[in-house]
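1. This is a predicted model, with the sequence first.
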Amino acid sequence: AVEKIIILRGISGSGKSTYAKRLMEERANEGKESWMVSADNYFMRDGEYRFDPSKLKEAHGACLKDYLRVVQHGGKVDLLIVDNTNTQLWEMAPYVAIAEAYKIPYEVIDVVCPVGVALERNVHDVPEHTLRMQEQRFEEPLPWWNSRSVSGCSASVRARGAPGSVSGRGGAASGVDGTP
């Protein structure tokens with residue numbers, strides 16, 4: 001069974017994948033299993049990222065199917081991470097609904113980073129106008145979703161405040177203790 005789900009969100013280049021990899025490394029060092037699903041995986045061909053905007057709908061469908069497959073049949077998984085921009089509620093709602101339906105503690109984490117920093121480091125060469133559009137369409141998670149923000153601006157992508165600190169949003173309804 002999946003023990004915990006983290007749904008990452010942020011503009012391209014904000015540090016979501018770096019944050020996810022760090023969490024996965026921490027779990028691996030503890031001998032625990034973790035999985036990451038991402039629409040980006042759909043565009044990987046022979047180790048190379050080949051983005052095709054006309055295939056974005058299929059990519060997100062494949063990501064959701066991978067997520068559901070891990071939830072239903074993943075065996076013992078300590079942490080399942082969704083690594084997508086998730087700028088709008090409808091994009092992350094299916095992940096939250098599935099976590100709630102299976103009674104898996106989850107957390108929605110906003111990886112916050114200024115557009116200028118994200119532009120310099122995004123590995124998919126997303127143009128500045130697209131990053132600004134992502135930022136403008138960013139919707140706040142629903143008040144009852146367990147959520148918090150972390151800074152994506154440092155190399156280690158540290159959480160604001162003390163480790164495991166929760167920002168003003170979210171709640172304990174999902175049973176998450178606030179630690180990544």
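-> Perfect, thanks for sending it. Numbering: from 1, shown residues only.
2. hey, which helix or strand in this structure has the poorest pLDDT?
-> Within the chain, no helix or strand scores below strand 48-49, which has a mean of 90 by mean pLDDT, DSSP states H and E.
3. How about the backbone phi and psi for the closest residue to R27 other than its chain neighbours?
-> Distances taken as Cβ to Cβ, 6 or more residues apart in numbering put S34 closest to R27, at 4.3 Å, once the chain neighbours are dropped. C-betas here are computed from N, CA, C, even on glycine. The phi/psi pair for S34 (degrees, to the nearest 10) reads phi -140, psi 150.
4. wait, isn't S34 in contact with M24?
-> Yes. S34 is within contact range of M24, at 4.5 Å (criterion: Cβ atoms under 8 Å).
5. And the next helix or strand past the helix or strand E100 falls within?
-> E100 is part of helix 89-101, with elements assigned from DSSP states H and E. Using DSSP H and E, the helix or strand that follows helix 89-101 in sequence is strand 106-112.
6. now for that following strand, which elements pack on it?
-> Other elements packing on strand 106-112 under the criterion 3 or more Cβ pairs under 8 Å, 6 or more residues apart in numbering; DSSP states H and E are strand 5-9, helix 16-29, helix 89-101, strand 147-151.
7. what residue ranges in this structure are flagged as low confidence?
-> Scanning the chain for pLDDT under 70 picks out the ranges 154-180.
8. Try it again at 50.
-> 155-180 (pLDDT under 50).
9. Tally up the residues packed near H73, please.
-> H73 has 7 neighbouring residues, counting by other Cβ atoms under 10 Å.
10. Next up, the contacts around the most far-flung residue of the chain relative to its centre.
-> Distance from the C-alpha centroid of the chain peaks at D46, with 23.9 Å (Cα atoms, centre = their mean). The contact partners of D46, by Cβ atoms under 8 Å, 6 or more residues apart in numbering, come to none.
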